[in-house]
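Student: Model the following, please.
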Amino acid sequence: MKHRSRARSSSLFLMELILAILFFSVASAVCVQIFVTSHMLSNDSRALNHGVNECANLAEIIDTADGIEDCLLLLKKTYPGGTFSNGGSADGETGSEADLLFGYDDNFSACGEESSSYILSLHLSQEDYTLTARMDFSETSGESIYQLETKYHIARRISDETK
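Tutor: Below you'll find the predicted structure:
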């Protein structure tokens with residue numbers, strides 16, 4: 001009889017041990033999922049923060065310009081790695097519209113478009129004395145992270161009146 005009670009007590013202990021292992025494995029799986037989600041949110045937040053900062057920097061530069069030609073020259077000086085397209089050029093010769101692209105790698109350092117993980121696209125247009133800038137910071141996959149549209153009034157100069 002004693003032999004049967006030992007078997008019951010050892011099987012009960014084994015069952016308790018199995019349940020404890022099961023509980024800790026489920027708890028660890030939940031913790032790993034929380035850490036992965038936290039890491040992804042941190043990366044998304046970092047990308048958004050960088051996008052906001054870069055768009056704000058561009059907006060400040062555009063605000064100081066006297067026109068689209070002056071704006072393109074300032075941007076080329078500040079961001080030499082930018083790619084100009086649709087009428088814009090590095091010399092400032094342009095019509096009333098220009099598109100610029102800036103590439104950033106995983107560490108948010110400026111790089112070429114072919115090796116970039118993030119793209120900041122800038123569309124400039126000028127109509128009379130209004131300079132409009134549309135900025136879009138996005139992943140290379142096309143998913144937009146941050147967008148900003150600004151309009152600036154270009155102050156008239158006395159020399160403009162004599163033209």
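Student: Next, the buried residues of stretch 40-58.
Tutor: For stretch 40-58, the neighbour count (16 or more other CB atoms under 10 Å) marks A47, H50, G51, E54, C55, L58 as buried. C-beta coordinates here come from the backbone N, C-alpha and C atoms, glycine included.
Student: Let me see the ranges of the helices in the chain.
Tutor: 2-63, 68-78, 158-162 (DSSP state H).
Student: Out of those helices, point me to the one whose mean pLDDT is lowest.
Tutor: Lowest mean pLDDT of the helices of the chain: helix 158-162, a mean of 57.
Student: The closest residue to G103 other than its chain neighbours and S10: what is the separation?
Tutor: Leaving aside its chain neighbours, G103 sits nearest to S116 (3.1 Å; criterion: CB to CB, 6 or more residues apart in numbering). The gap separating S116 from S10 is 63 Å, by CB to CB, to the nearest Å.
Student: Same check on F137?
Tutor: In terms of CB to CB, F137 sits 63 Å off from S10.
Student: do the same with E143
Tutor: 57 Å.
Student: K151 too?
Tutor: 80 Å.
Student: Could you report the pLDDT at A90?
Tutor: For A90, the predicted pLDDT is 43.
Student: same deal with the one 10 residues further on?
Tutor: In this model, L100 is scored at 91, pLDDT.
Student: distance of the nearest residue to it once chain neighbours are set aside from T132?
Tutor: Of all residues not flanking L100 in the chain, L122 sits nearest, at 4.4 Å (CB to CB, 6+ apart). According to CB to CB, L122 stands 11 Å off from T132.
Student: Looking at those two, which is more packed in?
Tutor: Using other CB atoms under 10 Å as the criterion, L122 and T132 rank with L122 on top: 26 against 16.
Student: what sits against that one?
Tutor: By CB atoms under 8 Å, 6 or more residues apart in numbering, the contact set of L122 is L58, L75, D99, L100, L101, F102, A133, R134, M135.
Student: Look at F137 and S10 and report which has more neighbours.
Tutor: F137 (25 against 10).
Student: how distant is stretch 10-28 from the center of its chain?
Tutor: Relative to its parent chain, stretch 10-28 has a centroid offset of 45 Å by CA atoms, centre = their mean, to the nearest Å.
Student: contacting residues around it?
Tutor: So stretch 10-28 is in contact with no residue, going by CB under 8 Å, 6+ apart.
Student: Kindly report the same for stretch 38-49.
Tutor: Contacts of stretch 38-49 (CB under 8 Å, 6+ apart): F108, Y118, F137, E139, I145, Y146.
Student: how many other residues sit next to the last one?
Tutor: Going back to what we said before, that points to Y146. 19.
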